[in-house]
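**Student:** next comes the sequence, and after it the predicted model I'd like to discuss.
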Amino acid sequence: MNRRPGWLARISSSVVLWSVALGTVLLGWRTGEILIVAAFSMIAQWEFYRMQEQKGAIVFKRLGIIAGLLFYAILWFCWVAFPEAAKTFLAWEEALFVLTVVALLFRVVLGSEGSLLPLETGGLTLLGVVYIPFLFSFLCRIALEPNNYADPRAAVLFVMLVTKLGDTGAFVAGSLLGRHRLLPRISPQKTWEGLVGGVMAALLASLAIVSLCGGLVRFRLLDAVFLGLGLGFLGVLGDLAKSAAKRDAQVKDSGRWIPGIGGALDLVDSLLFAAPAFYFYGLARFGGAAASWIPR
């Protein structure tokens with residue numbers, strides 16, 4: 001089978017998307033960073049809910065997507081519009097979780113859909129909120145919150161580059177060398193060779209960035225090794241989690257609007273696990289004092 005058109009489409013899409021992401025981060029347009037992440041988050045969440053509907057489940061899409069967008073509204077309010085409110089960010093976030101659960105239960109009680117299964121509908125709607133907008137919002141938190149280990153812009157570029165280059169390594173190694181299936185009941189296309197290729201590519205990317213950009217990040221060699229291996233593995237795990245959702249709904253791609261990649265969920269799946277892991281690694285390794293790295 002000739003795979004070249006698929007490779008070309010995937011590379012072309014990646015170049016365009018990376019140009020937009022890098023340009024926004026390097027320009028330092030904080031509102032733009034939140035808007036872009038929120039837009040992809042909303043589309044990915046909508047794709048997730050659509051997959052549930054395709055298998056016959058009922059979900060409250062509008063309620064779930066509004067709750068998801070409110071995570072980004074709180075980020076913008078506390079870290080961009082009114083930085084003096086940053087210390088209340090966690091309280092706002094906790095209040096949103098409580099409000100979402102209450103609203104969801106209230107909606108389930110009032111539900112009039114004939115085939116509605118309350119626990120299934122509530123669980124899938126809430127899963128869509130936590131799985132995509134909440135986990136993906138950590139990318140904004142890395143970019144916005146002061147920390148003790150890197151320029152926030154360098155930190156978000158680090159986690160994106162290492163994770164997505166790991167994706168590319170897994171794709172290339174799996175396409176060229178893949179022979180032994182990893183988890184065929186979830187994804188028949190994933191192989192052990194792809195897993196190793198992804199983790200090794202992420203490790204090399206992490207080591208290269210730390211070596212070349214030592215002035216922007218405080219990571220030592222051991223940090224680069226841990227982060228490279230960890231982000232590479234979590235990227236593959238995020239891909240498998242999305243594959244499990246697609247297999248459950250019996251669909252091939254979450255969407256078809258990004259040539260060579262699929263949908264928004266196919267694009268961001270690896271970052272959903274990698275971004276929170278990177279955020280908490282930074283807190284655990286360098287403390288939570290959140291000292292400003294570079295005066296802004």
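**Tutor:** Looks like it came in fine.
**Student:** which residue ranges form the helices in the stretch 1-150 of the chain?
**Tutor:** Per DSSP state H, counting those that start in this stretch, the stretch 1-150 of the chain carries helices over the ranges 4-27, 30-54, 61-76, 89-110, 118-129, 135-144.
**Student:** mean neighbour count added to those, as CSV?
**Tutor:** C-beta coordinates here come from the backbone N, C-alpha and C atoms, glycine included. Shown next, in CSV, are these (neighbours: other C-beta atoms under 10 Å):
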stretch, mean neighbour count
helix 4-27, 13
helix 30-54, 20
helix 61-76, 20
helix 89-110, 14
helix 118-129, 18
helix 135-144, 23
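**Student:** quick one, which of those helices gets closest to V199.
**Tutor:** With C-beta to C-beta, the closest approach to V199 among the helices of the stretch 1-150 of the chain belongs to helix 4-27: 19.4 Å.
**Student:** from the chain's centre, how far out does that closest one sit?
**Tutor:** Per C-alpha atoms, centre = their mean, to the nearest Å, the displacement of helix 4-27 from the mean C-alpha position of its chain is 16 Å.
**Student:** now swap in stretch 154-162 and tell me
**Tutor:** Per C-alpha atoms, centre = their mean, the centroid offset for stretch 154-162 relative to its chain is 12 Å.
**Student:** contact partners of it?
**Tutor:** For stretch 154-162, contacts defined as C-beta atoms under 8 Å, 6 or more residues apart in numbering pick out 21-22, 25, 33, 139, 142-143, 147, 149-150, 202, 205-206, 209, 213, 216-217, 227-228, 231-232, 271, 274-275, 278, 282.
**Student:** what's the answer for stretch 249-267, then?
**Tutor:** 6-14, 17, 40-41, 43-44, 47-48, 51-52, 54-55, 132, 242, 246.
**Student:** and the strands in the stretch 151-296 of the chain?
**Tutor:** With DSSP state E, counting those that start in this stretch, the ranges of strands along the stretch 151-296 of the chain come out as 181-183, 187-191.
**Student:** of all these, which one is nearest V172?
**Tutor:** Among the strands of the stretch 151-296 of the chain, strand 187-191 sits nearest to V172 (C-beta to C-beta), with 11.9 Å.
**Student:** specify the angle between the helix or strand bottoming out on mean pLDDT in the chain and helix 30-54 in degrees.
**Tutor:** Every helix and strand of the chain was ranked by mean pLDDT, DSSP states H and E. The lowest is helix 4-27, at a mean of 71. Orientation of helix 4-27 against helix 30-54 (axes from the mean of the first three to the mean of the last three C-alpha atoms, to 10 degrees) gives an angle of 140 degrees.
**Student:** with just CA atoms, put helix 4-27 into PDB.
**Tutor:** The C-alpha trace of helix 4-27 is given here as PDB (Å, rounded to 0.1, in the frame of the first residue of the first chain):
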ATOM      1  CA  ARG A   4       3.200   8.600   0.800                       C
ATOM      2  CA  PRO A   5       0.000  10.700   0.400                       C
ATOM      3  CA  GLY A   6      -0.900  10.100   4.000                       C
ATOM      4  CA  TRP A   7       2.600  11.100   5.200                       C
ATOM      5  CA  LEU A   8       2.600  14.200   3.000                       C
ATOM      6  CA  ALA A   9      -0.900  15.300   4.300                       C
ATOM      7  CA  ARG A  10       0.200  14.600   7.900                       C
ATOM      8  CA  ILE A  11       3.400  16.600   7.600                       C
ATOM      9  CA  SER A  12       1.700  19.500   5.800                       C
ATOM     10  CA  SER A  13      -1.000  19.700   8.500                       C
ATOM     11  CA  SER A  14       1.600  19.500  11.200                       C
ATOM     12  CA  VAL A  15       3.700  22.300   9.700                       C
ATOM     13  CA  VAL A  16       0.600  24.600   9.500                       C
ATOM     14  CA  LEU A  17      -0.600  23.800  13.000                       C
ATOM     15  CA  TRP A  18       2.900  24.100  14.500                       C
ATOM     16  CA  SER A  19       3.400  27.500  12.800                       C
ATOM     17  CA  VAL A  20       0.200  28.800  14.400                       C
ATOM     18  CA  ALA A  21       1.000  27.400  17.800                       C
ATOM     19  CA  LEU A  22       4.600  28.600  17.800                       C
ATOM     20  CA  GLY A  23       3.700  32.000  16.500                       C
ATOM     21  CA  THR A  24       1.100  32.600  19.200                       C
ATOM     22  CA  VAL A  25       3.400  31.400  22.000                       C
ATOM     23  CA  LEU A  26       6.400  33.400  20.800                       C
ATOM     24  CA  LEU A  27       4.300  36.600  20.300                       C
END
